[in-house]
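> any chance you could fold what I've pasted below:
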Amino acid sequence: MGKLLERLKDASRSGVYRVRSDGPVRDALAEGGMSALTIGLEGATTKAELLQRIARALEFPDWFGGNWDALEDCLTEVHGYLLFNGYEGIGAEDLGVLLDVLASSAEFHAAQGEPFFAVFVDRRRSLGIEDLFREA
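Numbering: from 1, shown residues only. Take a look at the predicted model:
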């Protein structure tokens, strides 16, 4: 088992990370018989669009309220691996809140012994979050 797969299986390492490419993450997960859900944020520029994209991708229930508290509530039911693409059009404030909500969800799931990895494909390495692994 590769080091990346070991890390992804370790619920205590749950968190919000960045990668330059989603290929290594997908390959590692496939090696372990797992997969990631991709959440495309391309073109989302408002909080409402951002939350709608996430809700649609994660198939949230009809009662999802379209606000940050509702997102955090719904994410308690979601564990595993989320790959976010196309975040660049989102305002800094909304992106910051999203990162905080995802980090809180990762902490919740880590305490439950469940992996929760929110991974942003950040080719330019512009997000101020930790790298999932050291890339060449």
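> next structured bit after the longest helix along the chain?
The helix spanning the most residues in the chain, taking DSSP state H as the definition, is helix 92-112. Downstream of helix 92-112, the next assigned helix or strand under DSSP states H and E is strand 116-121.
> can you list the strands that that next one pairs with?
Neighbouring strands of strand 116-121 in its sheet, by DSSP bridges, are strand 15-19 (parallel), strand 80-85 (parallel).
> got the contact list for that strand?
For strand 116-121, the external contacting residues (CB atoms under 8 Å, 6 or more residues apart in numbering) are 8, 11, 13-22, 25, 36, 75, 78-85, 87, 102, 105-106, 108-110, 127, 129, 132. The C-beta positions use only the backbone N, C-alpha and C, and glycine is treated the same way.
> on that earlier part again, residue 68 is nearest to which of the strands paired with strand 116-121?
With CB to CB as the measure, strand 15-19 is the member of the strands paired with strand 116-121 nearest residue 68 (14.9 Å).
> may I have the closest one as CSV, with CA atoms only?
The C-alpha trace of strand 15-19 is given here as CSV (Å, rounded to 0.1, in the frame of the first residue of the first chain):
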residue,chain,number,x,y,z
GLY,A,15,-8.8,17.6,6.8
VAL,A,16,-8.8,20.1,4.0
TYR,A,17,-5.9,19.9,1.6
ARG,A,18,-4.7,20.9,-1.8
VAL,A,19,-3.2,19.0,-4.7
